[in-house]
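S.K.: Give me the fold of what follows.
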Amino acid sequence: MTYIVHTRVDLKFGQNAGFNKVLEHLKLFLSKHGWTLIYGLQPVIGKLTEVVHIWEVETLDAVPDGLAAVFSDPVLGEQLALLPDFMNTETLQVMVKTPYSP
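M.R.: Numbering: from 1, shown residues only. Below you'll find the model as predicted:
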């Protein structure tokens with residue numbers, strides 16, 4: 001079964017560019033730990049400070065294992081330390097496809 005990790009980030013106004021740079025590093029790192037970014041989405045109409053990510057993982061264990069790796073890597077830690085300057089909050093959900101999903 002494939003699992004979907006859905007994140008919703010509320011950015012501080014005008015901080016998209018800095019956040020995007022950090023996420024470029026995070027995306028590469030997580031890809032080495034079983035996470036595949038399917039979509040990184042930001043609105044062009046609506047709440048412009050919101051960013052949504054849809055990641056795919058093959059096992060539930062990939063979620064905590066990937067997060068543990070992220071927070072224990074000293075090089076990536078330097079990048080992650082910048083995130084409070086760019087964002088207010090982040091929520092994370094682990095989901096599965098519905099029976100009617102393509």
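
S.K.: Mind naming the longest helix for the protein?
M.R.: helix 16-31 (DSSP state H).

S.K.: which helices and strands sit right next to that one?
M.R.: strand 36-41, strand 50-57, helix 62-72, helix 74-80, helix 83-86 (3 or more Cβ pairs under 8 Å, 6 or more residues apart in numbering; DSSP states H and E). The way it works is simple: take the backbone N, C-alpha and C, and place the C-beta from them, glycine included.

S.K.: I'd guessed residue 11 sits against residue 20; true?
M.R.: No: if you go by Cβ atoms under 8 Å, residue 11 and residue 20 don't touch, sitting 9.8 Å apart.

S.K.: the more surrounded of those two?
M.R.: More neighbours surround residue 11 than the other of residue 11 and residue 20, with 22 against 14 (other Cβ atoms under 10 Å).

S.K.: what sits against the closest residue to residue 57 other than its chain neighbours?
M.R.: Once flanking residues are discounted, residue 57 sits nearest to residue 3: 5.0 Å by Cβ to Cβ, 6 or more residues apart in numbering. The contact partners of residue 3, taken as Cβ atoms under 8 Å, 6 or more residues apart in numbering, are 56-60, 62-63, 94-96.

S.K.: and with 10 Å instead?
M.R.: 55-63, 94-97 (Cβ atoms under 10 Å, 6 or more residues apart in numbering).

S.K.: Next, work out how far apart it and residue 64 are.
M.R.: Distance, residue 3 to residue 64, by Cβ to Cβ, to the nearest Å: 12 Å.

S.K.: can you pull the pLDDT of residue 1?
M.R.: Note for residue 1: predicted pLDDT of 83.
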